[in-house]
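got a sequence here, can you model it:
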Amino acid sequence: VRKETRLAALEKSNDEKNSFFSTISHDMRTPLNAIIGFANLARREPLPPRACDYISKIEISGNLLLDLINDTLTISKINSGKLKLAPEPIRADELFDSIMIPIRAAAEKKNLSFTADTSGIGRTAILADRLNTQKIFLNLLSNAVKYTPAGGAVEFLAKDVSSGRAGLDLLAVVRDNGIGISGDFLPHIYEPFVQELQKRTESNGTGLGLSIVKRLVDMMGGSIEVASRLNEGTTFTLRLHFDETDTEPAADKPLAAVHHQDLRGKKILVCEDNALNMEIDRALLEARGMTATPAVNGREGADLFAASAEHEYDAILMDIRMPVMDGLSAARAIRAMERKDAAGVPIVAMTADAYEEDVNRCREAGMNEHVAKPVDPEKLYSALEKVLAADEAK
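Next up, the predicted model:
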């Protein structure tokens with residue numbers, strides 16, 4: 001009985017902790033949306049070079065704070081057992097191709113040599129948690145780029161070492177000739193919020209990246225090893241097993257496939273209770289020739305849709321946490337209306353509720369897409385292009 005009571009108390013404590021972090025995440029994302037959003041809008045204006053530099057640094061700092069929020073919540077979920085892997089059918093080569101694109105761009109920007117050899121993994125269809133597997137390698141490769149001075153080199157090797165065994169036995173190596181890690185610090189690299197401060201670098205990360213990597217690798221039943229010497233570089237070696245699947249992976253149709261669809265003249269109903277966020281939303285929509293009709297809560301949004309002519313609104317942007325009626329209830333109310341366009345009008349959640357369970361709740365309420373705050377303008381446009389293209393294809 002005592003053991004069951006302790007377990008129940010521990011579970012309650014973990015639930016309360018996760019609820020706290022989720023609320024803090026939401027409440028911090030809302031002002032961050034304004035900081036990053038207005039900085040993005042300011043960059044589009046003709047400004048003196050010094051002002052442009054200031055704006056750029058505001059964006060960089062805002063995105064670093066966003067990384068800290070995301071990483072802290074991820075660690076909290078892993079530690080409490082709330083983060084669950086979600087394997088899906090995917091081709092191994094496509095998984096790693098998607099990882100190489102941003103790393104190659106970052107290395108080029110820093111004048112680094114970047115080589116990647118993934119020819120040894122083939123096109124096997126495997127079961128893998130796409131996002132968390134990407135997170136592992138993006139963290140390691142981003143660190144390699146970050147801690148390698150200009151003119152240095154970063155290498156990535158991935159191959160199947162299964163020797164005929166079913167599935168993919170992945171051996172992956174991330175190597176750089178950067179600043180390296182001291183022998184004294186190596187035993188501590190996977191501890192959260194711990195960073196080695198060296199004279200040649202400044203601390204501009206969260207100190208959580210490698211801790212998240214180690215925990216995700218452990219969850220996947222894999223292993224990770226590190227070898228490093230100061231001023232000579234670092235090598236991470238990972239081993240992960242992915243089961244093979246006969247299920248055909250879903251055709252990968254990135255949002256870019258419908259990018260640059262003409263959005264001019266589209267009328268968008270925007271449900272958003274925060275005045276600063278509404279100002280950003282309108283500016284982003286108008287930049288692509290759309291018009292925005294504002295609603296300050298879910299009830300007003302549902303009423304405006306009910307009073308509109310059929311097919312008057314091309315899409316709806318829906319915040320979730322709003323007074324009077326929240327976005328989930330508003331979406332359900334719209335879907336339940338007895339009018340021809342109620343079931344099909346595209347609804348895009350645009351919210352600071354940004355995690356997997358939030359995305360699932362939005363879809364269960366009848367929404368088509370989810371865009372997390374702080375809003376990346378290109379992701380917003382791509383989401384609208386995607387849902388509008390799908391609506392027109394019906």
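
and the helices in the protein, which stretches?
2-43, 49-80, 92-109, 130-146, 209-219, 275-287, 298-307, 327-335, 356-364, 377-393 (DSSP state H).

which of these has the lowest mean pLDDT?
Ranked by mean pLDDT, these end with helix 2-43 at the bottom, a mean of 74.

and the helices of the chain as JSON lines, adding mean neighbour count?
(C-beta placed from N, C-alpha, C; glycine too.) Shown next, in JSON lines, are these (neighbours: other CB atoms under 10 Å):
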{"stretch": "helix 2-43", "mean neighbour count": "15"}
{"stretch": "helix 49-80", "mean neighbour count": "16"}
{"stretch": "helix 92-109", "mean neighbour count": "16"}
{"stretch": "helix 130-146", "mean neighbour count": "20"}
{"stretch": "helix 209-219", "mean neighbour count": "20"}
{"stretch": "helix 275-287", "mean neighbour count": "18"}
{"stretch": "helix 298-307", "mean neighbour count": "19"}
{"stretch": "helix 327-335", "mean neighbour count": "22"}
{"stretch": "helix 356-364", "mean neighbour count": "15"}
{"stretch": "helix 377-393", "mean neighbour count": "18"}
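
redo the ones you listed as CSV? Include distance to Gly167.
Below are these laid out as CSV (distance: least, CB to CB, whole Å):
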stretch, distance to Gly167
helix 2-43, 33
helix 49-80, 24
helix 92-109, 10
helix 130-146, 14
helix 209-219, 17
helix 275-287, 44
helix 298-307, 46
helix 327-335, 39
helix 356-364, 25
helix 377-393, 33
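
for Thr235, find the nearest of these.
Thr235 lies closest to helix 130-146 among the helices of the chain, at 9.5 Å (CB to CB).

dump that closest one to CSV, restricted to CA.
What follows is helix 130-146, C-alpha atoms only, in CSV (Å, rounded to 0.1, in the frame of the first residue of the first chain):
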residue,chain,number,x,y,z
ARG,A,130,11.4,10.8,-37.5
LEU,A,131,11.5,14.0,-35.4
ASN,A,132,13.5,12.6,-32.5
THR,A,133,16.0,10.8,-34.7
GLN,A,134,16.5,14.1,-36.6
LYS,A,135,16.9,15.8,-33.2
ILE,A,136,19.8,13.5,-32.3
PHE,A,137,21.8,14.1,-35.4
LEU,A,138,20.9,17.8,-35.8
ASN,A,139,22.2,18.4,-32.2
LEU,A,140,25.5,16.6,-32.8
LEU,A,141,26.1,18.1,-36.2
SER,A,142,25.1,21.6,-35.2
ASN,A,143,27.5,21.4,-32.2
ALA,A,144,30.3,20.3,-34.6
VAL,A,145,29.7,23.3,-36.8
LYS,A,146,29.3,25.7,-33.8
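
can you give me how far it is from the chain middle?
12 Å (CA atoms, centre = their mean, to the nearest Å).

before we move on, back to that, which of the helices of the chain sits closest to Pro346?
Comparing these under CB to CB, the one sitting nearest is helix 377-393, at 3.6 Å.

from the contact counts, what lies against that closest one?
Counting contacts by 3 or more CB pairs under 8 Å, 6 or more residues apart in numbering; DSSP states H and E, helix 377-393 packs against helix 275-287, strand 315-318, strand 347-351, strand 369-372.

what about 10 Å?
Here helix 377-393 touches helix 2-43, helix 275-287, strand 315-318, strand 347-351, strand 369-372, going by 3 or more CB pairs under 10 Å, 6 or more residues apart in numbering; DSSP states H and E.

make JSON lines out of the ones you listed and add distance to Phe114.
As requested, these are exported to JSON lines (distance: least, CB to CB, whole Å):
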{"stretch": "helix 2-43", "distance to Phe114": "27"}
{"stretch": "helix 275-287", "distance to Phe114": "33"}
{"stretch": "strand 315-318", "distance to Phe114": "38"}
{"stretch": "strand 347-351", "distance to Phe114": "34"}
{"stretch": "strand 369-372", "distance to Phe114": "28"}
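
who wins for proximity to Lys135 among these?
Across the helices and strands packed on helix 377-393, closest to Lys135 is strand 369-372 (CB to CB), at 15.2 Å.

who touches that closest one?
29, 33, 66, 70, 255, 315, 317-318, 320, 346-356, 358-363, 377, 379-384, 386-387, 390 (CB atoms under 10 Å, 6 or more residues apart in numbering).

try stretch 329-343
269, 271, 295, 297-303, 305-306, 308-313, 316, 318-320, 322, 324-325, 344-345, 347, 349, 362-368, 391.

go again with 6 Å.
Gly298, Gly301, Ala302, Phe305, Glu310, His311, Met318, Ile347, Ala365, Gly366, Met367 (CB atoms under 6 Å, 6 or more residues apart in numbering).

cool, stretch 151-167 as well?
Contacts of stretch 151-167 (CB under 6 Å, 6+ apart): 96, 107, 112-118, 120-121, 144-145, 148, 168-169, 171-178, 242-244.

quick revisit: Ala128: which of the contacts of stretch 329-343 is nearest?
So of the contacts of stretch 329-343, ranked by how close each gets to Ala128 (CB to CB), first place is Met367, at 26.3 Å.

residues near that closest one, how many?
A count of nearby residues for Met367, using other CB atoms under 10 Å, gives 26.

pull the contacting residues for it.
Per CB under 6 Å, 6+ apart, neighbours of Met367: Ala331, Ile347, Ala349.

one more pass at 8 Å, please.
With contact taken as CB atoms under 8 Å, 6 or more residues apart in numbering, Met367 is in contact with Met318, Ala331, Ile347, Val348, Ala349.

now do Ile103
Phe114, Ala116, Leu138, Leu141, Ser142, Val145, Val154, Phe156.

Throw those into CSV and include distance to Pro87, thanks.
Shown next, in CSV, are those (distance: CB to CB, whole Å):
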residue, distance to Pro87
Phe114, 29
Ala116, 24
Leu138, 18
Leu141, 22
Ser142, 24
Val145, 28
Val154, 28
Phe156, 23
